[in-house]
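Enquirer: this is a predicted model, with the sequence first.
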Amino acid sequence: MKIEQIYTGCLAQGAYYITSENEAVVIDPLREIQPYLDRAQKDGVKIKYVLETHFHADFVSGHVDLAAATGAKIIYGPMATPDFDAHIAKDGEELHVGNIRFRVLHTPGHTMESTCYLLLDDERKEHAVFTGDTLFIGDVGRPDLAQKASVTQDDLAGFLFDSLRTKILTLPEDVIVYPAHGAGSACGKNMSKETFDTLKHQKEVNYALRANMTKEEFIREVTDGLMPPPAYFPQNVMMNKQGYDSITEVVGRGTRPLNPEAFEIAANETGALILDTRDPQTFANGFVPNSINIGIDGSFAPWVGAMIPDVKQQILVVAAQGRETEVVTRLARVGYDFCLGYLEGGYENWKASGRETDQIRSISADELATIVQSEPDSYVADVRKQSEYYAEHIRIAVNTPLDTVNDSMVRIPKDKPVYVHCAGGYRSMVFASILRARGYDNLIDVRGGFKSIKDTGKFDVTDYVCPSTML
């Protein structure tokens with residue numbers, strides 16, 4: 001028996017590849033399936049099952065393509081209603097794979113069809129449990145994503161409480177917990193950076209698994225402080241439930257090279273969003289007018305999902321040369337299938353063609369200190385999350401979070417310079433580029449963000465929150 005966790009950092013997502021004898025299963029695969037096919041070929045095994053823990057909201061699973069490529073059967077737990085051929089397993093049903101078995105544990109709460117898979121080794125010993133979004137390391141799944149008129153957030157939290165205590169906490173303490181996500185995912189609020197753990201240790205440290213915790217306490221604590229889910233989540237759920245175009249087709253469409261003239265025509269005729277995925281400071285030095293910068297080397301997919309609410313939005317890509325396919329593939333992971341092509345030769349080719357360009361001024365933290373000293377009424381916009389701002393900020397900064405940019409931007413003056421910073425410089429450029437495209441011409445990025453600002457020792461840093469600096 002071999003268990004491999006295949007962790008994708010930009011999505012904070014864990015897929016699993018498990019083999020026994022000449023058979024294998026894949027649990028919650030990413031949309032690009034070639035890595036799983038390569039593993040199976042190398043190991044000389046046949047992928048028998050694709051186990052889905054639920055209809056994922058934050059990424060598009062590779063279940064449909066993987067089943068088509070291998071003949072594997074897609075498995076869901078009770079209450080799942082996919083629009084394609086799948087086996088809907090019963091609670092307690094066991095699936096045989098080589099010398100091992102997977103026992104289906106229906107665990108409603110995160111969603112009503114949420115299911116965990118308990119791995120029984122060749123001696124029938126409970127070895128590991130693949131918990132999807134039911135149980136994370138340090139947290140549990142958020143219970144607000146599947147709410148509807150007949151099932152409230154509190155109802156789902158109550159179901160989750162019961163599922164954890166009747167199906168998970170009754171397992172042997174040495175069972176290994178393998179969740180679908182880790183720190184950075186929007187599917188929970190308090191996840192650890194660790195990506196697996198023993199059940200025993202989770203009982204000791206996970207707030208939601210406290211002994212003697214009442215259902216009322218659980219519901220209150222699990223629902224407290226939940227941020228609104230990204231707008232693209234429901235659309236990903238529907239893709240995972242209904243099926244989707246092959247990623248090969250999607251990437252083929254999206255990696256069509258467009259020379260500057262064709263790129264400009266496509267932008268004008270389609271109204272496509274121009275997404276520039278280069279490094280923030282590289283972007284600041286020059287970009288195609290009206291481009292939005294979301295750097296490929298940061299938390300790319302989550303911020304695309306947060307900033308572009310409709311997965312059917314047509315997109316034109318500007319990327320560092322050689323990374324175009326990577327960009328289109330990573331967009332497809334979260335359901336953005338409508339890339340029209342990319343700027344052939346990159347921004348450098350656009351500039352060389354003599355077409356109009358734009359820039360965003362960027363200054364150092366020391367330069368900001370000099371400006372603020374001479375102009376005490378300078379407007380400094382801190383675009384970090386409110387929780388980050390509350391923990392520590394410079395006293396003069398106004399909190400204008402990127403994750404609520406449409407509300408935040410109304411506070412930004414158009415008649416004076418606005419100095420924008422985040423934690424390290426990634427989000428501030430996203431924010432500045434969005435507002436630049438909307439006609440805000442006085443935005444100035446602060447390189448290095450709050451860390452650089454604090455390191456200068458020239459600013460009054462506080463955790464006090466003045467009402468005038470709150471959004």
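Expert: In hand now; what should we look at?

Enquirer: neighbours of the nearest residue to Asp455 once chain neighbours are set aside, how many?
Expert: Nearest non-adjacent residue to Asp455, counting by C-beta to C-beta, 6 or more residues apart in numbering: Ala365, 7.1 Å away. No exception for glycine: its C-beta is placed from N, CA and C like everyone else's. Using other C-beta atoms under 10 Å, the number of residues around Ala365 comes to 20.

Enquirer: can you check Asn349 too?
Expert: Using other C-beta under 10 Å: Asn349 sits among 15 other residues.

Enquirer: now do Asp85
Expert: So Asp85, with other C-beta under 10 Å, has 9 neighbours.

Enquirer: then the one 3 residues further on?
Expert: Using other C-beta under 10 Å, Ile88 has 17 neighbouring residues.

Enquirer: so it sits against Tyr76, correct?
Expert: Yes: contact criterion C-beta atoms under 8 Å: Ile88 and Tyr76 qualify, at 5.5 Å.

Enquirer: does the residue nearest to Asp455 really touch Val446, like I thought?
Expert: Yes: using C-beta under 8 Å, Ala365 is in contact with Val446, at 6.1 Å.

Enquirer: who touches both of the two?
Expert: Listed as contacting both Ala365 and Val446 by C-beta atoms under 8 Å, 6 or more residues apart in numbering are 452-453.

Enquirer: all helices of the stretch 201-350 of the chain, in order?
Expert: 215-223, 233-242, 247-254, 260-270, 280-285, 300-307, 324-333, 346-352 (DSSP state H, counting those that start in this stretch).

Enquirer: can you tell me which of these the model trusts least?
Expert: Sorting the helices of the stretch 201-350 of the chain by mean pLDDT places helix 300-307 lowest, at a mean of 90.

Enquirer: that one vs helix 324-333, what angle?
Expert: 60 degrees (axes from the mean of the first three to the mean of the last three C-alpha atoms, to 10 degrees).

Enquirer: could you export helix 300-307 as CSV, CA atoms only?
Expert: Provided in CSV are the C-alpha atoms of helix 300-307 (Å, rounded to 0.1, in the frame of the first residue of the first chain):
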residue,chain,number,x,y,z
PHE,A,300,-3.2,33.6,-7.9
ALA,A,301,-6.3,31.4,-8.1
PRO,A,302,-8.0,32.6,-4.9
TRP,A,303,-7.5,36.3,-5.9
VAL,A,304,-8.7,35.7,-9.4
GLY,A,305,-11.8,34.1,-7.9
ALA,A,306,-12.3,37.1,-5.5
MET,A,307,-11.7,39.8,-8.1
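
Enquirer: for it, packing partners?
Expert: helix 324-333, helix 426-437 (3 or more C-beta pairs under 8 Å, 6 or more residues apart in numbering; DSSP states H and E).

Enquirer: which of those sits most buried?
Expert: Comparing the helices and strands packed on helix 300-307 by mean neighbour count (mean count of other C-beta atoms under 10 Å), helix 426-437 comes out on top with a mean of 25.

Enquirer: how distant is that helix from the center of its chain?
Expert: Chain-centre distance of helix 426-437: 19 Å, with C-alpha atoms, centre = their mean, to the nearest Å.

Enquirer: what's the lowest-mean-pLDDT helix or strand in the chain in contact with?
Expert: Within the chain, confidence by mean pLDDT, DSSP states H and E is lowest for helix 405-408 among all helices and strands, at a mean of 86. The contact list for helix 405-408 (C-beta under 8 Å, 6+ apart) reads 307, 381, 383, 400-402, 431, 434-435, 471.

Enquirer: re earlier: can I get the helices of the stretch 201-350 of the chain in JSON lines including distance to Lys451?
Expert: Shown next, in JSON lines, are the helices of the stretch 201-350 of the chain (distance: least, C-beta to C-beta, whole Å):
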{"stretch": "helix 215-223", "distance to Lys451": "31"}
{"stretch": "helix 233-242", "distance to Lys451": "30"}
{"stretch": "helix 247-254", "distance to Lys451": "35"}
{"stretch": "helix 260-270", "distance to Lys451": "36"}
{"stretch": "helix 280-285", "distance to Lys451": "15"}
{"stretch": "helix 300-307", "distance to Lys451": "19"}
{"stretch": "helix 324-333", "distance to Lys451": "26"}
{"stretch": "helix 346-352", "distance to Lys451": "28"}
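
Enquirer: tell me which of those lies nearest to Val418.
Expert: Smallest distance to Val418 across those (C-beta to C-beta): 14.7 Å, for helix 280-285.

Enquirer: just the buried residues of that closest one, please?
Expert: Along helix 280-285, these residues count as buried under the neighbour rule (16 or more other C-beta atoms under 10 Å): 280, 283-284.

Enquirer: tell me the confidence at the residue nearest to Asp455?
Expert: Looking at Ala365, the pLDDT reads 97.

Enquirer: ok, Ile434 next?
Expert: 97.

Enquirer: check contacts around it.
Expert: 292, 307, 405, 409.

Enquirer: now Glu32
Expert: Glu32 neighbours (C-beta under 8 Å, 6+ apart): 62, 247, 329, 332-333.

Enquirer: beta-bridge partners for Asn399, please?
Expert: Beta-bridge pairing for Asn399 (DSSP bridges): Asp382.

Enquirer: make a markdown table from the contacts of Glu32 and add distance to Ile18 to it.
Expert: Listed next are these as a markdown table, based on distance: C-beta to C-beta, whole Å:
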| residue | distance to Ile18 |
| --- | --- |
| Gly62 | 16 |
| Ile247 | 23 |
| Thr329 | 25 |
| Ala332 | 25 |
| Arg333 | 22 |
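
Enquirer: how about the nearest residue to Pro234, chain neighbours excluded?
Expert: The shortest distance from Pro234 to any non-neighbouring residue, by C-beta to C-beta, 6+ apart, is to Ala57 (7.1 Å).

Enquirer: ok, the one you found touching Met239?
Expert: No: under the criterion of C-beta under 8 Å, Ala57 is not in contact with Met239, lying 10.1 Å apart.

Enquirer: which one of these two is surrounded by more residues?
Expert: Ala57 (26 against 23).

Enquirer: show me what contacts that one?
Expert: Taking C-beta under 8 Å, 6+ apart, one finds 145, 187, 229, 233-234, 236-237 in contact with Ala57.

Enquirer: can you tell me the SS state at it?
Expert: coil (DSSP: H, G, I helix; E, B strand; the rest coil).

Enquirer: report pLDDT for the residue nearest to Pro234.
Expert: 95.

Enquirer: and the gap between it and Ala267?
Expert: 30 Å (C-beta to C-beta, to the nearest Å).
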